[in-house]
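>>> just to be clear, the model below is a prediction. Sequence and coordinates:
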Amino acid sequence: MTLVLEQLLNGVQYGVMLFLLAAGLTLIFGIMGVINLAHGSLYMVGAYAAAVVAAKTGSLWLALPAGLAAAAAVGMAMELVVLRRLYDRDHLDQVLATFALILIFNQAVTILAGRQPLFVAAPAALNGSIEIVAGLTYPIYRLAVIAVGLVVAIGLYLLVNRTRAGMLVRAGATHRDMVRALGVDIRLLYTAVFGLGALLAGLAGVMAGPLLAVQVGMGEQILIMTFVVVVIGGVGSIRGAFFGALVVGVVDTLLRAFLPGLLRQVMSGPEADALGAGLSSMGVYLLMAIVLLIRPKGLFPAHA
């Protein structure tokens with residue numbers, strides 16, 4: 001039972017990381033209609049900026065604002081220089097341009113930081129583990145990641161649904177021309193939304209540093225799963241991104257943890273491990289297909 005609870009917590013922690021990426025991605029796509037394949041590169045930029053500052057200063061607390069600022073600045077620069085020219089273009093043009101940005105970012109990071117992975121230590125205050133229930137100890141840092149994700153989710157919900165800025169964001173997603181006619185600088189709104197999405201991706205990158213190796217290409221590894229979350233949750237929906245991320249995180253983690261062991265009950269070890277690994281990798285995509293069959297617009301579409 002404790003093993004199941006531990007894996008559930010791992011799934012929630014993974015889901016929170018996916019949510020931070022998916023929230024920005026779903027806002028950008030839902031409001032601007034831009035398919036941004038380079039969103040994972042902003043996650044990498046935040047992780048690298050934080051890792052470099054942490055290595056220089058020895059403090060993740062100083063690295064946190066550095067990672068957020070770097071991701072937000074790069075994201076807004078990307079919107080101003082490249083994506084602003086693509087709003088009225090075909091999605092294929094957007095895909096090609098943002099794929100080119102992935103290659104540019106990866107090569108730039110390789111030139112500046114090299115190909116060797118960087119490793120970041122968790123803050124001393126968040127080191128160690130605590131006993132959650134009898135027989136189960138869990139790393140404090142992972143619990144902190146979950147807590148930060150929940151706080152961000154609540155903050156985004158209040159921002160989008162309870163503030164004037166959020167009202168403009170929601171209006172810009174459905175009635176772009178009307179918002180422009182009312183005197184709102186839609187270009188500034190888009191830049192701000194893109195900066196917010198980039199900042200969230202950078203936050204995910206900063207928090208991933210002590211959990212994963214910070215390396216070139218790390219953004220592409222998580223980007224595909226982020227798109228799965230957006231599709232399952234519903235494009236443009238913060239609530240959908242949150243619940244979709246939790247579902248994907250928990251399902252993926254549980255399948256990888258337990259499916260090979262279950263298959264060993266009915267077949268030999270090597271075959272069970274190979275089949276289990278394959279089915280575990282397919283699990284979230286099968287889940288996405290099932291959700292789309294039942295609810296083609298996702299679990300919580302933004303404009304249902």
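Arrived safely.

>>> following element in sequence after the helix or strand hosting residue 144, please.
Residue 144 belongs to helix 140-162 when assigned by DSSP states H and E. With elements assigned by DSSP H and E, the helix or strand that comes after helix 140-162 is helix 164-174.

>>> so that following helix versus helix 140-162, what angle?
80 degrees (axes from the mean of the first three to the mean of the last three CA atoms, to 10 degrees).

>>> quick check: buried residues in the helix holding residue 144?
140-146, 148-149, 152-153, 156, 160 (16 or more other CB atoms under 10 Å). Yep, even glycine has a C-beta here, placed from its N, CA and C like the rest.

>>> which helices and strands sit right next to it?
Contacts defined by 3 or more CB pairs under 8 Å, 6 or more residues apart in numbering; DSSP states H and E place helix 140-162 against helix 2-32, strand 129-133, helix 164-174, helix 186-208, helix 238-263.

>>> could you export the ones you listed as a markdown table, including mean neighbour count?
Listed next are the helices and strands packed on helix 140-162 as a markdown table, based on neighbours: other CB atoms under 10 Å:
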| stretch | mean neighbour count |
| --- | --- |
| helix 2-32 | 23 |
| strand 129-133 | 11 |
| helix 164-174 | 16 |
| helix 186-208 | 24 |
| helix 238-263 | 21 |
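
>>> compare the mean pLDDT across these and name the weakest.
Here the helices and strands packed on helix 140-162 differ in mean pLDDT, and the lowest is helix 164-174 at a mean of 72.

>>> now residue 111: how far from residue 7?
Applying CB to CB, to the nearest Å, one obtains 39 Å for the distance of residue 111 from residue 7.

>>> that should have said residue 203, apologies.
Using CB to CB, we find residue 203 at a distance of 24 Å from residue 7.

>>> with residue 57 instead?
Taking CB to CB, one finds residue 57 at 35 Å from residue 7.

>>> likewise residue 291?
According to CB to CB, residue 291 stands 22 Å off from residue 7.

>>> residue 19 too?
Computed as CB to CB, the residue 19 to residue 7 distance reads 18 Å.

>>> try residue 244
Using CB to CB, residue 244 is found at 19 Å from residue 7.
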